[in-house]
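Chemist: predicted model, plus sequence, below.
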Amino acid sequence: MSTRDQILDLKQRISGSIIGQETVIERLLIALLTNGNVLMEGLPGLAKTRAIKTMAKHIESKFSRIQFTPDLLPADVTGSEIYFEEGGKGQFKFQEGPIFGNLVLADEINRSPAKVQAALLEAMEERQVTVAGTTHQLPELFMVLATQNPIEQEGTYPLPEAQMDRFLMHIFIHQPADEDELKVLQLVRGEVAGNAVQSPPPISQQVIFDARKEVNAVATTEAIDRYFVALVSATRNPGKYDKDLGRWIHVGASPRGTLALDRAARAYAWLQGRDHVTAEDVQAVAPDCLRHRIIPSYDASAEGKSNDDLLASVLKLVAVP
């Protein structure tokens, strides 16, 4: 099979365990293909953790799970220097933490205070961890998949903008349709009864690296590049496009938003079987790449305008190449 066929096979495998969330699965694959990190938000029981664990199961990788709680310490994430004594001689050795996995699940990331959240910043951006003055490189295949609950805010610590900006995508998971929920019921019942289908061997990490090279080779035109910039610029200068939009957006997206659009649109186009990016590809990934990078104003909140509403207006107002 070609590299793309193997990635599509991975998508099909995940879809067999995660019912009715095709868009979420596709976004996870986009992040995997672009070496990005993902923040998944949704109500309890919508298979956020299951989706991540299923993807890890079908890739030749080391999966790590970190359950974020108020008493978690940074060293519980990164690891720490441990004193060892052998033969009457002692020395400090670095004991790796769970961040040194390939696919790292940061479950309910907003339930730990800022000092623990900050332990992820260097790992997410530079793909390394510095402890006691020594820098340790993370695996070549590395991805943080964080989850949070949108309704339970008591005892939580909202992620700072600097950390939100390090996520390639912010994905919302919605309630399944009735027919999909029926399939979920039957799937889980079969798993409990021991009727689960035997999984094929996981795909190798080299397939992921080869796919990334192909994604990087997907072409864009100058018109598409200008479209990336124009969309992000519209979030910074919304008043130029619409008076109300100018009242509703307080802070626009950073240059990371432009880079995220470029990477995600290339991966989306590649998954569709194209060797070039179209405006439709950009529009498909724009909400997921930008919704967490803009800050609405008080007026927007008072008038019930969500970030998705604001981005929908931006997509309508910016000229399509």
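Modeler: Ah, there it is.
Chemist: break down the stretch 51-200 of the chain into its strands, ranges please.
Modeler: For the stretch 51-200 of the chain, the strands defined by DSSP state E, counting those that start in this stretch cover 63-67, 79-86, 89-96, 103-107, 128-131, 134-137, 143-148, 169-172.
Chemist: same deal with the stretch 201-321 of the chain?
Modeler: 249-251, 295-296.
Chemist: can you say which of those is nearest to residue 242?
Modeler: Residue 242 sits nearest to strand 249-251 of all these, at 9.9 Å, using CB to CB. Backbone N, C-alpha and C define where each C-beta goes, glycine included.
Chemist: possible to save the strands of the stretch 201-321 of the chain as a markdown table with mean pLDDT?
Modeler: Converted to a markdown table, these look like this (pLDDT from 0 to 100):
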| stretch | mean pLDDT |
| --- | --- |
| strand 249-251 | 91 |
| strand 295-296 | 92 |
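Chemist: any chance of these in CSV with distance to residue 51 and mean neighbour count as columns?
Modeler: As requested, those are exported to CSV (distance: least, CB to CB, whole Å; neighbours: other CB atoms under 10 Å):
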stretch, distance to residue 51, mean neighbour count
strand 249-251, 30, 18
strand 295-296, 28, 17
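Chemist: dump these to TSV, plus distance to residue 105.
Modeler: Shown next, in TSV, are these (distance: least, CB to CB, whole Å):
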stretch	distance to residue 105
strand 249-251	29
strand 295-296	27
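Chemist: number of nearby residues for residue 5?
Modeler: Neighbours of residue 5 under the rule other CB atoms under 10 Å: 9.
Chemist: tell me the buried residues in the one helix or strand it maps to?
Modeler: Using DSSP states H and E, residue 5 maps to helix 3-17. Buried residues in helix 3-17, counted by 16 or more other CB atoms under 10 Å: 3, 4, 6, 7, 10, 11, 13, 14, 17.
Chemist: surely the fourth one touches residue 212?
Modeler: Yep, that's residue 7 we're talking about. No: the criterion here is CB atoms under 8 Å, and residue 7 misses it with residue 212 at 10.3 Å.
Chemist: how is this protein partitioned into domains?
Modeler: Following automatic domain parsing, the chain resolves into domains at 28-172, 218-317.
Chemist: wouldn't residue 122 be in contact with residue 129 here?
Modeler: Yes: using CB under 8 Å, residue 122 is in contact with residue 129, at 6.2 Å.
Chemist: neighbour count for those two, which is higher?
Modeler: Between residue 122 and residue 129, counted using other CB under 10 Å, the more crowded position is residue 129 (22 against 17).
Chemist: the more buried one bridge partners, please.
Modeler: residue 136 (DSSP bridges).
Chemist: next: residue 41.
Modeler: residue 148, residue 172.
Chemist: for it, which residues are in contact?
Modeler: 147, 148, 149, 150, 170, 171, 172, 173 (CB atoms under 8 Å, 6 or more residues apart in numbering).
Chemist: what subset of those residues is buried?
Modeler: Restricting the contacts of residue 41 to buried positions leaves 147, 148, 149, 170, 171, 172, 173, with burial counted as 16+ other CB under 10 Å.
Chemist: just the pLDDT for the second one.
Modeler: Okay, so that is residue 148. Residue 148 is assigned 89 on the pLDDT scale.
Chemist: does it touch residue 106 like I think?
Modeler: No: the pair residue 148 / residue 106 is not scored as a contact, 9.1 Å apart, by CB under 8 Å.
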